[in-house]
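**Student:** Structure for the following, please:
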Amino acid sequence: MLNLALGRTVLLFCLFTSKLRRDQSNSSSQFSEKFQSLSMDSSETDVVSNGGGDVALLSPKQRRVGLLYDDRMCQHFDSTDHPENPNRIRSIWKKLQASGVDQRCEILSAKEAEEPHLALVHTKKHIDLIKSISSPKYDLQRRSLAASFQSIYFNEGSSEAACLAAGSVVEVAEKVAKGDLDSAFAIVRPPGHHAEDGEPMGFCLFNNVAIAASYLLNERIELGIKKILIVDWDIHHGNATQKMFWDDPRVLFFSVHRHEFGAFYPGGDDGSYEMIGKGLGAGYNINVPWESHSCGDADYLAVWDYILIPVAKAFDPDLIIVSAGFDAAINDPLGGCCVSPYGYSVMLSKLREFAQGRIVMALEGGYNLTSLANSALACVEVLLNDKPIASSLEVVDPFESTWRVIQAVRERLSAFWPILAKKLPEEITSKKRSPVLVASSESDGEFDDEAHLISEELESAIDRIVQPLQNLKVEDSHGQATSVAPSWRSELSKVDVWYATYGSNMRESRFLCYIEGGKDEGMQKRCAGSVDKTRPRGSMWKIFPHRLFFARDYTATWGPGGVAFLNPNRSNEDRAHMRLYKITLEQFNDVLLQETVLNFTMKSPLFDWIDLQSIEEKSCIPAEAVKSGWYHNVLYLGKEDGIPILTMTCTLSDEESFKSGKFPVCPPSKAYFNTLFKGLTEGNQLSEEEAVAYLEQASSKEL
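**Tutor:** Residues are numbered from 1 along each chain as shown. Down below sits the predicted model:
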């Protein structure tokens, strides 16, 4: 009942074909010029970027490239038609062999990771679990254990595959660092960049790239690798890799990914451009969060030219590790973007300017086997000094939203990287396009016969297993969100509820942002507003026996600092001042959505009439469709005039994580504190002194 129905339409957004044409005869696109210059034959010359988007020619050199593949990593699989399956690496290896490039490379043997190397980034409990999960003693628990994590499966081959994947990336990274190889590609699975220090998630068991980077920096100091640039071009944010180097200035972590204001997997604010690192690592974490789907070559290369390349030049890394996910590729069923093999080859060629071309690629995502294999081949050819492959796609300009994101990232990081402080000329940013919906099943010429078509079995698996990865927002051909008015809205608009607020929404002007749209003072993000923008039909104040506290250390809306949570458990010792607004159940769904993921299109309610009927008995019901957010637990507080009183807070398990220190407990920022203070005082609930004391106690008293 708490479920978002997702249409198959989203899988058609990125079928760019030869029918896609734009008239650019009135102006010569800067991106067209760059693409054409990079199409020259580099079998005699080496083509690289000079850091500003132009190209330079270097003398030819035979490159020593390592390839690592081991079929034992195919023993990790799920019995269902799961997107993360053994055919992913098999398709790459088959393509490289068919092209003959494997004959030009040094083929390396896989090695299992040593436990001390895993311990550089993972807890002992996590290591013990992954290394033993395939043993017979877990035969009866394996499935239930996997279900306790987010988008994870285990089988009898998982332990060996995970250890081989992590150890293999360490192996190739060490060989490149020692100078035995110029570059290398570790064709490994399971992927790694979502694997946190203490838990697997998002198909990832060990964080392969983070382990290798930590090993070189901390265990092999004599190799002289003092600074590492990690480039994560997987369509999903590398949440775990970011955290592992959050305060480490030796690692410049760069991630370009779909974010959609926290609605796209892995969700939340971690992938925001505001997340820049802390302490000595401030400025060394760079996120480029796409606002929507369909980004392609021009969008990615604009980011390379105007963010990554200038910063990389200033950082001057000793080694580059690419978290090489290919799920931003054309026709990928999870990514929804449109990067071509050509686009990947150009991105990689631009990175070869740095670190003397010492690049380690480690496979992450990528779920369309044809585009995955073609893109991987294009990258290996670049490592071998070949030219970027020719593109059959007509060059177009970046999206308008791409320039908006680029400008925001540059502004946020300009204090750390002065090269980004300069405003981009209007003649560059004026070249932009609107999102295009192309519904076509024709081949675009770069893919094999109908290989891009998605089987019914795979579609079913995506719905069943990886729904969080498909949080896509449907747009029409003009780039506007389609207005979906399903029958549930008209039904729920007839039902009244009291929405009880205890945080910034206690201030009416702030709460109305969720109804009418816009933002209040101190807010850094605008609210989309509700479909029904009718103001509340009443409000009142009440005190409830629940504990108010502040947790998290950053939000996109308020910046650094904790935000208010209500302990889901009651206690007669606690008192929480709460303002109640009388709104419809339809509006409550819209507020719940905005509180949780900021931006998303609902095709079915998060909390419906049946939930309302049962919540009095259950006391709380989690909104599973948006469980990546912190406020997805709907809590029942009683009735007023026969109308249910509802609020939203964290789950009991999240509250336990705050209590144990797994998640941070943090005082609120000044702007957030002031909003709560004004809500309490403007509502005549507390005097100024009482309001300060109430909020200070909530932020300082231990859980």
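**Student:** Poorly predicted segments of the stretch 351-500 of the chain, please.
**Tutor:** Along the stretch 351-500 of the chain, the parts satisfying pLDDT under 70 run over 388-395, 433-486.
**Student:** Would you state the helices of it in chain order?
**Tutor:** 369-383, 400-413, 426-429, 456-465, 487-492 (DSSP state H, counting those that start in this stretch).
**Student:** Out of those, flag the one nearest residue 309.
**Tutor:** Minimum separation from residue 309 across the helices of the stretch 351-500 of the chain (CB to CB) falls at helix 400-413, 12.4 Å. Every C-beta, even on glycine, is put in place using the N, C-alpha and C of the backbone.
**Student:** Spell out, range by range, the strands that occur in the stretch 1-150 of the chain.
**Tutor:** Assigned by DSSP state E, counting those that start in this stretch, the strands in the stretch 1-150 of the chain fall at 46-49, 55-58, 65-68, 106-108.
**Student:** worst average pLDDT in the ones you listed?
**Tutor:** Lowest mean pLDDT within those: strand 55-58, a mean of 38.
**Student:** quick revisit: among the helices of the stretch 351-500 of the chain, which is the most enclosed?
**Tutor:** Comparing those by mean neighbour count (mean count of other CB atoms under 10 Å), helix 369-383 ranks first with a mean of 25.
**Student:** For it, list the C-alpha coordinates in CSV.
**Tutor:** These are the backbone C-alpha positions of helix 369-383, laid out as CSV (Å, rounded to 0.1, in the frame of the first residue of the first chain):
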residue,chain,number,x,y,z
LEU,A,369,25.5,-5.6,-21.6
THR,A,370,26.0,-4.1,-25.0
SER,A,371,26.6,-0.5,-23.9
LEU,A,372,28.7,-1.8,-21.0
ALA,A,373,31.0,-3.8,-23.2
ASN,A,374,31.3,-1.1,-25.9
SER,A,375,32.1,1.6,-23.4
ALA,A,376,34.7,-0.6,-21.6
LEU,A,377,36.4,-1.3,-25.0
ALA,A,378,36.5,2.4,-25.8
CYS,A,379,38.2,3.1,-22.5
VAL,A,380,40.8,0.3,-22.9
GLU,A,381,41.7,1.6,-26.4
VAL,A,382,42.3,5.1,-24.8
LEU,A,383,44.6,3.5,-22.2
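**Student:** Please state the offset of that helix from the chain centre?
**Tutor:** Relative to its chain's centre, helix 369-383 lies at 23 Å (CA atoms, centre = their mean, to the nearest Å).
**Student:** Same check on stretch 366-378?
**Tutor:** 20 Å.
**Student:** again, but for stretch 150-164
**Tutor:** In terms of CA atoms, centre = their mean, the centre of stretch 150-164 is found 22 Å from the chain centre.
**Student:** Report the next helix or strand after the longest helix seen in the chain in sequence order.
**Tutor:** Using DSSP state H to define each element, the chain has its longest helix at helix 158-178. As assigned by DSSP states H and E, the chain's next helix or strand after helix 158-178 is strand 183-186.
**Student:** Tabulate the CA atom coordinates of that following strand in CSV.
**Tutor:** Output of strand 183-186 as CSV, limited to C-alpha atoms (Å, rounded to 0.1, in the frame of the first residue of the first chain):
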residue,chain,number,x,y,z
SER,A,183,47.6,1.9,-16.5
ALA,A,184,45.2,-0.9,-15.8
PHE,A,185,41.6,-2.0,-15.9
ALA,A,186,40.3,-4.3,-13.1
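**Student:** in the helix or strand following that strand, what counts as buried?
**Tutor:** As assigned by DSSP H and E, the chain's next helix or strand after strand 183-186 is helix 208-218. By 16 or more other CB atoms under 10 Å, the buried positions in helix 208-218 come out as 208, 209, 210, 211, 212, 213, 214, 215, 216, 217.
**Student:** From these, pick the one nearest residue 671.
**Tutor:** Looking across the buried residues of helix 208-218 and measuring by CB to CB, the closest to residue 671 is residue 210, at 33.3 Å.
**Student:** re earlier: from the buried residues of helix 208-218, which single one is nearest residue 313?
**Tutor:** Distance to residue 313, by CB to CB, is smallest for residue 213 among those, at 20.1 Å.
**Student:** Contact partners for that closest one?
**Tutor:** Neighbouring residues of residue 213 by CB atoms under 8 Å, 6 or more residues apart in numbering: 173, 228, 230, 245, 251, 321.
**Student:** just checking, which of these belong to strands?
**Tutor:** Those of those mapping onto strands are 228, 230, 251, 321, per DSSP state E.
**Student:** now, the most widely separated pair of those residues?
**Tutor:** The span of the ones in strands among the contacts of residue 213, defined through CB to CB, is set by 251 and 321 at 9.2 Å.
**Student:** And these two? Which one has more around it.
**Tutor:** Using other CB atoms under 10 Å, the more surrounded residue of residue 251 and residue 321 is residue 321, with 31 against 26.
**Student:** who's in contact with that one?
**Tutor:** Residues in contact with residue 321 (CB under 8 Å, 6+ apart) are 173, 209, 212, 213, 228, 229, 230, 231, 359, 360, 361, 362.
**Student:** gap between the second one and residue 282?
**Tutor:** Taking CB to CB, to the nearest Å as the criterion, residue 209 is separated from residue 282 by 22 Å.
**Student:** and if you look at the fourth one?
**Tutor:** When CB to CB is the yardstick, residue 213 and residue 282 sit 19 Å from each other.
**Student:** swap in residue 663?
**Tutor:** Remark: distance between residue 663 and residue 282 (CB to CB) = 21 Å.
**Student:** now do residue 402
**Tutor:** In terms of CB to CB, residue 402 sits 25 Å off from residue 282.
**Student:** And the strands in the stretch 601-703 of the chain, which stretches?
**Tutor:** With DSSP E, counting those that start in this stretch as the criterion, the stretch 601-703 of the chain has strands spanning 620-622, 633-640, 643-649.
**Student:** deepest of those, which one?
**Tutor:** Of the strands of the stretch 601-703 of the chain, strand 643-649 is the most buried (mean count of other CB under 10 Å), at a mean of 21.
**Student:** ok now do residue 95, which residues does it touch?
**Tutor:** 373, 374, 376, 377.
**Student:** same check, this time on residue 622
**Tutor:** Residue 622 sits next to 2, 632, 633, 634, 651 when contact means CB under 8 Å, 6+ apart.
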